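> Got a predicted model here, sequence first, then my questions.
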Amino acid sequence: MAIYDDVTERMETLESLRESEAKYRELADSLPIAVYEADLEGRMTFINRTGVELSGYSESEFLSGFSVSDFLVESDRPRAASTIGRILASGKPSSGEYSARRKDGTAFPVHVVSTPVIKEGRPAGLRGIVIDISERKRAEDEKRSWEAALRQQQKLESIGTLAGGVAHEINNPINGIMNYAQLILDSLTAESPLRVHAKEILRETDRVANIVGSLLTFARQDKQAHSPAAIGDIVESPLRLVRTVLRRDQIILEVNIPPDLPRIKCRSQQIQQVVMNLITNARDALNERFPGADDDKRIVLRASECERDGHRWIRMTVEDHGAGIPEAVRDRIFEPFFTTKPRDHGTGLGLSISHGIVRDHHGEMHFETEVGRGTRFHVDLPEEIGWALEPPDGGPGRA
Ligand SMILES: Nc1ncnc2c1ncn2[C@@H]1O[C@H](COP(=O)(O)OP(=O)(O)O)[C@@H](O)[C@H]1O
Ligand SMILES: [Mg+2]
């Protein structure tokens with residue numbers, strides 16, 4: 001009888017053990033975060049369903065001798081190992097962010113909180129949770145790049161305003177200098193050695209006057225009205241201007257503008273200035289890469305219609321197979337006066353002025369580039385919005 005009682009009791013204990021195990025298993029599996037356990041060597045001894053789903057490994061793969069750090073990218077493993085050592089030595093929990101690796105090799109960010117498993121007063125292993133934080137990271141990255149773009153925009157605007165103001169101040173004295181230099185020149189005899197100096201003053205001030213002139217045009221944004229125009233017509237006159245120059249440099253120009261594109265309402269002179277600036281830059285980049293003739297020495301001007309956020313836009317692209325823009329300067333090319341070109345050649349104003357014009361048209365400008373392969377500048381202009389005469393916030397360079 002006593003034996004019988006003993007057996008029944010043991011079966012009941014086993015049964016309730018099984019029940020409690022099933023209960024904890026169910027609890028662990030129902031959690032939307034990964035739960036793991038590992039032994040003293042860091043080898044996995046338990047993983048819940050979310051852990052399996054997150055990683056792409058099956059449960060039996062998990063428990064076949066993998067260690068905790070095998071689920072991390074290589075570069076994070078030393079840090080994880082030292083954290084595990086610290087947790088076991090101190091008996092205190094610890095948390096951190098790591099880059100986890102799925103079975104298919106892709107990585108994703110996780111937040112891990114681990115705590116020691118204590119048995120009979122001594123650490124016997126490790127247990128913890130792993131949370132997939134991809135969404136949070138993505139949101140943070142987005143916020144960061146948006147803030148960077150905003151800062152860049154504000155910087156361009158303030159420099160533009162400043163430059164416009166300075167140009168205004170410089171305009172009068174520079175005219176004065178030119179006039180006096182001309183007076184000196186006129187008063188000198190034909191043989192005077194000073195003629196060279198006076199001419200040099202005129203030449204240099206002429207250069208300053210040019211810069212000041214383009215800054216002022218930009219700052220004033222001459223009040224030409226927005227009127228509907230076809231892209232093909234808009235680019236006609238700048239193309240006529242540059243064709244000869246390009247031919248002299250042995251640059252092939254390809255123009256691909258479908259005649260049936262809708263017209264856009266714009267200040268066409270300003271759009272022409274943008275096209276001129278982009279083609280001039282493309283030409284410089286090509287001449288830098290190919291001093292002589294080359295099959296690849298070509299500029300392609302394209303226009304097409306596209307849809308963005310439910311609106312119709314026109315995209316103009318100027319593509320060159322020139323030198324490309326080095327990573328180190330990509331952030332700066334839209335800044336006024338930023339140039340990588342020799343003195344006498346670049347003013348560093350082309351892109352900043354173009355950027356301001358495109359923004360005033362409620363458009364956007366961006367580029368793709370590869371060093372040694374070439375660059376593509378895109379100018380996106382909305383077809384229907386952007387008809388207001390003033391930009392929403394005054395725009396850059398309006399002193
Ligand atoms: N198509 C291009 N290919 C390579 N670099 C370019 C291109 N367009 C612009 N850049 C770079 O951007 C800089 C600024 O251009 P921009 O504002 O037009 O001034 P600038 O042409 O007077 O230097 C250039 O000096 C050059 O380094
Ligand atoms: Mg330029």
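Cool, the structure landed. Ligands and ions are numbered 1, 2, ... in the order given.
> Could you list which residues are in contact with Met365?
By C-beta atoms under 8 Å, 6 or more residues apart in numbering, Met365 lies in contact with Ser354, His355, Val358, Arg359, Phe377, His378, Val379, Asp380. Where you see a C-beta, it was placed from the backbone N, CA and C, and this is true even at glycine.
> Which one of those residues is nearest to ligand 1?
Phe377 (6.4 Å; C-beta to the nearest ligand atom).
> did I read that right, that closest one in a strand?
Yes - in this structure, Phe377 lies within a strand as judged by DSSP: H, G, I helix; E, B strand; the rest coil.
> That one and His366: what is the separation?
8 Å (C-beta to C-beta, to the nearest Å).
> Quick check: which ranges of the stretch 201-350 of the chain have low pLDDT?
217-224 (pLDDT under 70).
> which bits of it sit near ligand 1?
277, 281-282, 285, 320, 322-325, 329, 333, 338-341, 346-350 (C-beta under 6 Å from any ligand atom).
> Adjacent strands (with direction) for the one helix or strand Thr115 maps to?
Assigned by DSSP states H and E, Thr115 belongs to strand 107-119. Using DSSP bridges, strand 107-119 pairs in its sheet with strand 94-101 (antiparallel), strand 122-132 (antiparallel).
> any idea how far it is from the chain center?
What separates the centre of strand 107-119 from the centre of its chain is 34 Å, taken as C-alpha atoms, centre = their mean, to the nearest Å.
> Name the residues of it that come out as buried.
Phe108, Pro109, Val110, His111, Val112, Ser114, Pro116, Val117 (16 or more other C-beta atoms under 10 Å).
> just stretch 123-133 next, same as before
Gly125, Leu126, Arg127, Gly128, Ile129, Val130, Ile131, Asp132, Ile133.
> Report how many residues lie close to the one residue in the stretch 1-150 of the chain that gets nearest to ligand 2.
Residue of the stretch 1-150 of the chain nearest ligand 2, by C-beta to the ion: Ala149 (22.0 Å). Ala149 sits with 10 neighbouring residues when counted by other C-beta atoms under 10 Å.
> quick one: Ser214 is in a strand?
No - counting by three-state DSSP, Ser214 falls outside a strand, being helix.
> For it, give me its contacts.
Ser214 neighbours (C-beta under 8 Å, 6+ apart): Thr347, Leu349, Ile353.
> Okay, and which of the residues you listed map to strands?
Within those, no residue falls in strands by DSSP state E.
> Dump those residues into a markdown table; add neighbour count as well.
Formatted as a markdown table, the contacts of Ser214 follow (neighbours: other C-beta atoms under 10 Å):
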| residue | neighbour count |
| --- | --- |
| Thr347 | 19 |
| Leu349 | 20 |
| Ile353 | 25 |
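> Quick one: mean pLDDT for the lengthiest helix in the chain?
Longest among the helix segments of the chain by residue count, using DSSP state H, is helix 134-187. On average, the pLDDT along helix 134-187 is 84.
> Tell me if that helix is near ligand 1.
No - judged by C-beta under 6 Å from any ligand atom, helix 134-187 stays clear of ligand 1, getting no closer than 11.3 Å.
> contacting residues around Ser145?
Contacts of Ser145 by C-beta under 8 Å, 6+ apart: none found.
> Check the spacing between it and Asp70 real quick.
33 Å.
> Helices - which of the residues of the stretch 201-350 of the chain next to ligand 1 land there?
Asn277, Asn281, Ala282, Ala285, Gly350.
> Export the contacts of Met365 to a markdown table and append columns for pLDDT, distance to Pro173 and neighbour count.
Below are these laid out as a markdown table (pLDDT from 0 to 100; distance: C-beta to C-beta, whole Å; neighbours: other C-beta atoms under 10 Å):
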| residue | pLDDT | distance to Pro173 | neighbour count |
| --- | --- | --- | --- |
| Ser354 | 91 | 28 | 24 |
| His355 | 91 | 28 | 25 |
| Val358 | 92 | 32 | 23 |
| Arg359 | 88 | 31 | 20 |
| Phe377 | 98 | 35 | 23 |
| His378 | 97 | 40 | 18 |
| Val379 | 97 | 36 | 24 |
| Asp380 | 95 | 40 | 18 |
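> Surely Thr45 and Asp39 touch.
Yes - in this structure Thr45 lies within contact range of Asp39 using C-beta atoms under 8 Å: 5.5 Å.
> shared neighbours of these two, anything?
Gly125.
> how near is the closest residue to ligand 2 within the chain to Leu278?
Closest residue of the chain to ligand 2, C-beta to the ion: Gly350 (2.8 Å). Distance of Gly350 to Leu278, given as C-beta to C-beta: 8 Å.
> quick one, which of these two is more surrounded?
Leu278 (28 against 22).
> Could you tell me which residues make contact with the more buried one?
Counting by C-beta under 8 Å, 6+ apart, the residues that Leu278 touches are Val318, Gly350, Ser354, Phe377, Val379.
> how about a cut-off of 10 Å?
Leu278 makes contacts with 238, 299, 301, 316-320, 350-351, 354, 365, 367, 375-379, as judged by C-beta atoms under 10 Å, 6 or more residues apart in numbering.
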